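In: Fold the following and give me the result.
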Amino acid sequence: MTSSVAAKAGGGSGRVGVADAFHHSVHKITPTGTVSTLAGTGSGGAADDFVKAAVSFRKPFRIAINAGSTWVPDTVTGTLRRVAAEASRGQQRAA
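Out: Okay, here's the model as predicted:
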């Protein structure tokens, strides 16, 4: 993952969010160094889904974190995507 980090942002509780442009995904890193995929399938695409692991990105080159949400501008599709920390309205929490 570190060879394709396009951007990173700090969040609450010491976590760090990472936009992985070439693997089309977004990751979080905890203060203890644990890395997990927050959203993205690893394949380029533009699919939205209520399950975060099924969301696909096309080269996310930036990331911002605030009050429970991670914001990711999807470079190729020109969309701003929100990845909520907590599930709502029937969504499944995935991460």
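
In: So which residues of the protein form strands?
Out: 5-10, 16-20, 25-29, 35-39, 64-66, 69-74, 79-84 (DSSP state E).

In: Tell me which of those strands lies nearest to residue 55.
Out: Taking CB to CB, strand 35-39 is the member of the strands of the chain nearest to residue 55, at 4.7 Å. C-betas here are computed from N, CA, C, even on glycine.

In: just to revisit the earlier point, compare the strands of the chain and give me the one nearest residue 58.
Out: strand 69-74 (5.7 Å).

In: Show me which residues of that closest one are buried.
Out: Of all the residues in strand 69-74, those buried under the rule 16 or more other CB atoms under 10 Å are 70-74.

In: between that strand and strand 79-84, what angle do the directions make?
Out: For strand 69-74 against strand 79-84, the angle by axes from the mean of the first three to the mean of the last three CA atoms, to 10 degrees is 160 degrees.

In: which stretches of the chain have low pLDDT?
Out: Across the chain, the ranges flagged by pLDDT under 70 are 1-13, 45-54, 85-95.

In: try 50
Out: Within the chain, the stretches with pLDDT under 50 are 87-95.

In: quick one: which of the buried residues of strand 69-74 is nearest residue 24?
Out: Of these, the one sitting nearest to residue 24 (CB to CB) turns out to be residue 74, at 9.2 Å.
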